[in-house]
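> Dropping the sequence and predicted coords here.
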Amino acid sequence: MTEILKLDEAIKKYVKPGEALALEGFTHLIPNAAGLEIIRQGIKGLTLIRMTPDLIYDQLIGMGCADKMVFSWGGNPGVGSLHRFREAYEKKIPKTIEIEEHAHAAMANAYVAGASGLPFAVMDGYKGTSYPEINKNIKTIECPFTGQELTAIRALNPDVTIVHAQRADKEGNVWLDGIIGVQKEAILAAKKAIVTVEEIVDHVDEKTGGTVIPNWVIDAVCEVPHGAFPSYASGYYKRNNNFYLSWDAISRDYAKFQDWMKEFVLETKDFAEFYKKLEQENYA
Amino acid sequence: MTEILKLDEAIKKYVKPGEALALEGFTHLIPNAAGLEIIRQGIKGLTLIRMTPDLIYDQLIGMGCADKMVFSWGGNPGVGSLHRFREAYEKKIPKTIEIEEHAHAAMANAYVAGASGLPFAVMDGYKGTSYPEINKNIKTIECPFTGQELTAIRALNPDVTIVHAQRADKEGNVWLDGIIGVQKEAILAAKKAIVTVEEIVDHVDEKTGGTVIPNWVIDAVCEVPHGAFPSYASGYYKRNNNFYLSWDAISRDYAKFQDWMKEFVLETKDFAEFYKKLEQENYA
Amino acid sequence: MRDQDYTLSELMSIVASRMLTNDDVCFVGIGLPSEAANLARLTHAPDIKLIYESGTLVTRPDVLPLSIGDGELSDTALSVVSVPEMFRYWLQGGKIKVGFLGAAQIDKFANLNTTSIGDYKSPKVRLPGAGGAPEIASHAAKVFITLKHSTKAFVEKLDFITSVGFLEGGDSRDKLNLPGSGPQMVITDLGILEPDPITKELVLTHVHPGVTVEQIKEATGWNLLVADSVKRTEPPTDKELEVLRDIKLRTKIANSGAAK
Amino acid sequence: MRDQDYTLSELMSIVASRMLTNDDVCFVGIGLPSEAANLARLTHAPDIKLIYESGTLVTRPDVLPLSIGDGELSDTALSVVSVPEMFRYWLQGGKIKVGFLGAAQIDKFANLNTTSIGDYKSPKVRLPGAGGAPEIASHAAKVFITLKHSTKAFVEKLDFITSVGFLEGGDSRDKLNLPGSGPQMVITDLGILEPDPITKELVLTHVHPGVTVEQIKEATGWNLLVADSVKRTEPPTDKELEVLRDIKLRTKIANSGAAK
């Protein structure tokens, strides 16, 4: 059953080198604090799965934690490229990164299949595109009733899924609201699940909206206020668009990136200290 | 775009003899008023689709409106058999009824496929059971990645889906809450959709819970207070368990059933009059 | 047979309830399974998670639901999901530890029939059908079954397999590659049957107080195997009886009310 | 070329916005399409339904979202669904009338590339990738495309087809049996291109005020076909310009704020 743990304990307990990790979040509720803790703990060899990898995956890749990225749109939304990802992929800095690439529809379906205990999903997609040529987890399949040709996508089942949510109760039932992306599917598809939350409260329910994910599919819940920063947590704080813009400059140069990560991430002991430092230096 | 119509107008406009109809509702929010209006209008030759056919399908079948029923559990919940359905199926009274039978998992998946624009759904189910022998819309399919044998179910796409919901706004956006069953999928899978609601209000949203189905997938919205009776509408009225118990006695004998339907349904001009009469005679 | 201050129906529900533990996540069939599962929740397993196929996750009904989708279930649920989500993500997705099923008929390998008796196309008795049972039987990590004992219900061969137990016994279920391990126990109003570890045929292992082995064999439509040492079922405790009668009384009062 | 009191970028958004009608249900790509779609909503199409792939159905943002999942989109939405539901039920399910896409590159048959330039495995430029575009391009009943004109963007042949337009032209898209009818129009900062009804090759049909056909041909990486009678695009109205500038200003102010 769910344990309420400190974030560093949860990462230490459940995230192992070489595993396939999904830190999901579709612009909203991105588990950034958890990603930074993985960097602090220096966990390497990871396969990073996410539909919309952004800053936190750029940071993990730049710090050499990732061997592979599985994704369907990778960028700094509204700003531009992920410079650390691009330099890793185009120039192998700091190391080679393999990619497995999908469209959103396919990747969402792959999580759905994983959550549903199925080895693959059927979709009507990708026809006429180059994707089937570059991703072996896309095949064609025929409808046994109509003969119609459709597309099969291999299921995604991360070793560990990590998401951020607004609240959990003391038993570890989790409540989230707003744009929920593919988080529920990513949790249900995973072997282990960690959820960071803005706060732990006495009671969560769906009576006034939102979605509750029951505790027995979640291994650890960690209270991490502002844990989605620079993403947002609807009802708690807004997206910090300035930080997304700042990241473009920080990440463009590898040396500058390394300095920044050292000063802000490696030399802060946890997310609270990191966030406090960002505030002091007018990033947050 | 959605029209706000009277129930009799909506049924006249969209429900044609010989069509395949889904009047969905999983115990909660069953569109009973709409079913009774179909009986009043004497629309025949229908294929009746529903996961959990209960009293309203018993009534439609007993009145000779149905040629076929597609279902996954047919009974008077907590009470016993549907006598009109059983007598039709076992003794062809008042006429022959064909059946196509599924398990809940398969039928839910068939609606999902229909809603998703797919000709079939994949599930892991039915293995070891007799269902594949009696339903030609169940086939086996192999995972193109793992070779695992799975089950394919043909999609369901009703000509018309009718559901009941708590509220709609004046533009025909519909709001429902509580047990939502397979209603959204049944609407999205259908060629045409009618929704009866407890009341039409100025504004609906999801801010405090519930689900909104946007108007452009709904053809007609009809205000029918108590329209789910004897089922319930969470937040409006409770399930009338007494009526479910009474129905066992009313429906057991064909002649008694005919008399009751004549008196209460055919000789009342609409659902409001029907409901008033039930109240007067202590059924409601 | 000594005088008992409880009925065999009551005993059946109480014995069935004892199969569930506080850590279980139980997909509950309507009727007898629902009574047993809620009794467990109200006695020794207060934190058990009860799931109903109508989409209600972790419900705590104060009265027993008459139907699988009563408002009492959604009003007291931690979360309400759509029916497709329930069957796809939760049941097929392997999130259910225990399935608790009733049935109209059972055979010696614990296969169940709730579909039809006699020829499928012109049945002697047309039953309600499958509902969620086939995939509960195949996907819940383990399955308990509860139904009343009679030769009509306990038959040599089913006319229709709605939900698979151990199919034809031996390793025939294993060959289907089902995610769940199948029926662990059949609890009736007379005793308890458990599958033999090798042949998977149901064996009588417990006899309820006041019931004889002979009586059970007579109520079974095949030559029922009896364990070498048949145990006597523990009679109900006062607490179990009190809680069961309380919830049944509350249910009766609630269900006798009309609308509004 | 006369003096203009608006930029070609502004004109592009305004012209693109005019393609949308009040009855449309539009799946909106981020960036230029989002600007055009919201401009339509704030001018001639107040009831247009805007859908974003983050799961927001019928949104009415007061400022332009920087990302596809801004809180502004969910706060003002009629309904927020999961991303799988969006792609399965709404887009693949055929509920979207118009798809509005941007792109990094386009070819003469309106195929789009947002994935990579150069060899896929060692690209010259690695772009963000597909997002929702491939299935918007195939499943929306019709598609509009908007991007800025340049020989880098308008290329003879794509290195990678992210989203299909008319594939190799003629009936090659038809043979794919896609639900949607494909691109109707490509709106750039210089003019408008439309597919030839038979060959499906893009033809220049409109030139924006102050732009010449020659200028457009020079900005196109293939020998661009020109319609027999090229029309002059209607210049922006005062209202269109005012509304566009208003929302861009509101957006700038909103996005410059930090957290809290």
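Sure thing, it's come through.

> for the stretch 101-250 of chain A, what spans make up the strands?
For the stretch 101-250 of chain A, the strands defined by DSSP state E, counting those that start in this stretch cover A:120-123, A:138-142, A:149-154, A:160-169, A:174-176, A:192-201, A:211-213, A:220-223.

> Check whether the second one comes near chain D.
No. Contact of strand A:138-142 with chain D (Cβ under 8 Å from any Cβ of the partner chain) is absent, the minimum separation being 11.1 Å. From N, CA and C alone the C-beta is placed, and that goes for glycine too.

> helices or strands up against that strand?
Secondary-structure packing of strand A:138-142 (3 or more Cβ pairs under 8 Å, 6 or more residues apart in numbering or on different chains; DSSP states H and E): helix A:131-134, strand A:149-154.

> wait, does the longest one contact chain C?
Going back to what we said before, that points to strand A:149-154. No. Shown here: strand A:149-154 not in contact with chain C (Cβ under 8 Å from any Cβ), separated by at least 15.7 Å.

> what residues are up against residue 239?
You didn't pick a chain, so chain A it is. A:T27, A:H28, A:P230, A:S231, A:Y232, D:L66, D:S67, D:D70, D:G71, D:A259 (Cβ atoms under 8 Å, 6 or more residues apart in numbering or on different chains).

> That was the other one, I meant chain C.
By Cβ under 8 Å, 6+ apart, C:K239 lies in contact with C:T43.

> Doesn't it lie inside a strand?
No. Judged by DSSP: H, G, I helix; E, B strand; the rest coil, C:K239 forms no part of a strand; its state is helix.

> From A:A10, how far off is it?
39 Å (Cβ to Cβ, to the nearest Å).

> Save the strands of the stretch 101-250 of chain A as a markdown table, and put in mean pLDDT and mean neighbour count too.
Listed next are those as a markdown table, based on pLDDT from 0 to 100; neighbours: other Cβ atoms under 10 Å in any protein chain shown:
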| stretch | mean pLDDT | mean neighbour count |
| --- | --- | --- |
| strand A:120-123 | 98 | 25 |
| strand A:138-142 | 98 | 17 |
| strand A:149-154 | 98 | 21 |
| strand A:160-169 | 98 | 27 |
| strand A:174-176 | 98 | 26 |
| strand A:192-201 | 98 | 22 |
| strand A:211-213 | 97 | 23 |
| strand A:220-223 | 98 | 24 |
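
> Let's have those strands in TSV, adding distance to C:A104.
Shown next, in TSV, are the strands of the stretch 101-250 of chain A (distance: least, Cβ to Cβ, whole Å):
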stretch	distance to C:A104
strand A:120-123	35
strand A:138-142	38
strand A:149-154	39
strand A:160-169	40
strand A:174-176	40
strand A:192-201	39
strand A:211-213	36
strand A:220-223	43
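
> Show me where the stretch 151-284 of chain A has its helices.
A:183-189, A:241-252, A:254-261, A:271-280 (DSSP state H, counting those that start in this stretch).

> how about the second one against chain D, any contact?
Yes. With Cβ under 8 Å from any Cβ as the measure, helix A:241-252 is seen reaching chain D through A:N241, A:N242, A:F243, A:Y244.

> I'd like to know how many residues surround the second one.
The number of residues packed near A:N242 is 17, by other Cβ atoms under 10 Å in any protein chain shown.

> Surely it is in contact with D:A254?
No. The pair A:N242 / D:A254 is not scored as a contact, 11.5 Å apart, by Cβ atoms under 8 Å.

> give me the number of residues near A:L245?
So A:L245, with other Cβ under 10 Å, has 17 neighbours.

> list the contacts for the closest residue to it other than its chain neighbours?
Closest residue in space to A:L245, ignoring its immediate chain neighbours: A:V79 at 5.9 Å, by Cβ to Cβ, 6 or more residues apart in numbering or on different chains. The contact partners of A:V79, by Cβ under 8 Å, 6+ apart, come to A:Y244, A:L245, A:W247, A:D248, D:L66.

> hmm, back to that, for the helices and strands packed on strand A:138-142, could you give me TSV that also reports distance to chain D?
Converted to TSV, the helices and strands packed on strand A:138-142 look like this (distance: least, Cβ to the nearest Cβ, whole Å):
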stretch	distance to chain D
helix A:131-134	6
strand A:149-154	8
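
> Take these and write them to JSON lines, including distance to C:F166.
JSON lines is the format used below for the helices and strands packed on strand A:138-142 (distance: least, Cβ to Cβ, whole Å):
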{"stretch": "helix A:131-134", "distance to C:F166": "42"}
{"stretch": "strand A:149-154", "distance to C:F166": "32"}
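
> and of these, who's closest to C:R18?
strand A:149-154 (43.2 Å; Cβ to Cβ).

> For the closest residue to chain A within the stretch 151-260 of chain C, grab the count of nearby residues.
Proximity of the stretch 151-260 of chain C to chain A (Cβ to the nearest Cβ) peaks at C:P179, 6.9 Å away. When counting by other Cβ under 10 Å, one arrives at 16 neighbours for C:P179.

> can I have the longest strand anywhere in chain C written out in PDB, keeping just the CAs?
Looking across chain C with DSSP state E, the single longest strand is strand C:225-232. C-alpha atoms of strand C:225-232 as PDB (Å, rounded to 0.1, in the frame of the first residue of the first chain):
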ATOM      1  CA  LEU C 225     -15.200 -35.600  -3.600                       C
ATOM      2  CA  VAL C 226     -14.800 -35.200   0.100                       C
ATOM      3  CA  ALA C 227     -11.500 -34.200   1.800                       C
ATOM      4  CA  ASP C 228      -9.800 -36.800   4.000                       C
ATOM      5  CA  SER C 229     -10.400 -34.600   7.000                       C
ATOM      6  CA  VAL C 230     -13.400 -32.500   6.600                       C
ATOM      7  CA  LYS C 231     -13.500 -29.500   8.900                       C
ATOM      8  CA  ARG C 232     -16.400 -28.100  10.800                       C
END
